[in-house]
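Enquirer: have a look at this prediction, sequence included:
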Amino acid sequence: VADQFVSAVVASVQSFFGPSPETSDSYGRLVNAAQYARLSAVVEADKAFVACGGSGDASARYLAPTVLHFGRDVAAFEASAALTRGELFGPVLPIVAYTDLDAVIGFINARPKPLALYVFSNNDRDVVAPVLGQTSSGSVCVNDTMIQITNSHLPFGGVGPSGMGAYHGKHSFLTFSHHKAVVRKTTRFDLPQRYMPYTSASARIMKAAGTPITRTQTRLLVAAAVGAVAAIIAAIVWAAAVSD
């Protein structure tokens, strides 16, 4: 479906911005001359794969919305300027077809972890789930782009080379706050087994003291404590009745 997809993308570009995007009030310009020079050099290097766009105006910092169609030529895509010269951050969309999803996942994992990953599919079991489960990225959006960034209730941030931590809402507060640990120890008692000389018995006691208690064990301990208290109360009541 690669060719049909490219045709649909080209049609969408024309629908959004008309036959002359440079005259559209809805189409922006690059932020400065350096960014224009960088992106226009990418397009020039990959001009053999231009499916639409490719033109520009340096004086206006205008670069037409450009689609690069590599077809099934993965080798050409891997050697392209669009891939090898860093993140694009501009109106250039390279497209390459695939037949093996595992190869796509391997391609992603062979590179630095991305800030965001987008997957388009209605097949959750065979496509979406494997991509989400076998790759690592700062965020993921399924069947759309960018909207995960606009939701202030969702954390946004990178992982590894794409950044550390996350912000938005409470996540910003947590990221830029120091989580200080404070421990207060009672002075009423202490475990002598903490101190030298160590014995096998003290080691067992300290190991038991540091072992997390499961919920099941907690329930059993509570039940045993309640049972013991009930038994003591019953014994007191019985003793009082006998003495009477």
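Expert: Looks like it arrived, so ask away.
Enquirer: look up phi and psi at Gly138.
Expert: phi -60, psi -40 (degrees, to the nearest 10).
Enquirer: ditto for Val140
Expert: Dihedral pair for Val140: phi -140, psi 140, per degrees, to the nearest 10.
Enquirer: let me know the average pLDDT across the helix or strand harbouring Ala223.
Expert: In the assignment (DSSP states H and E), Ala223 maps to helix 215-243. Across helix 215-243, the average pLDDT comes to 90.
Enquirer: how far out from the middle of the chain is it?
Expert: Chain-centre distance of helix 215-243: 51 Å, with C-alpha atoms, centre = their mean, to the nearest Å.
Enquirer: from here on, call the first residue 153.
Expert: In the new numbering, first residue 153, that becomes helix 367-395.
Enquirer: where does the protein have low pLDDT?
Expert: Where the chain drops to pLDDT under 70, the residues are 396.
Enquirer: from the contact counts, what lies against the helix holding Ala375?
Expert: The helices and strands touching helix 367-395, judged by 3 or more C-beta pairs under 8 Å, 6 or more residues apart in numbering; DSSP states H and E, number zero. C-betas here are computed from N, CA, C, even on glycine.
Enquirer: list the buried residues for that helix?
Expert: Neighbour-count burial for helix 367-395, counted by 16 or more other C-beta atoms under 10 Å, picks out no residue.
Enquirer: give me the number of neighbouring residues for Pro307.
Expert: 18 (other C-beta atoms under 10 Å).
Enquirer: what sits against it?
Expert: Ser291, Ala318, Tyr319, His320, His323 (C-beta atoms under 8 Å, 6 or more residues apart in numbering).
Enquirer: return the member of these nearest to Thr302.
Expert: Nearest to Thr302 among the contacts of Pro307: His320, at 9.5 Å, using C-beta to C-beta.
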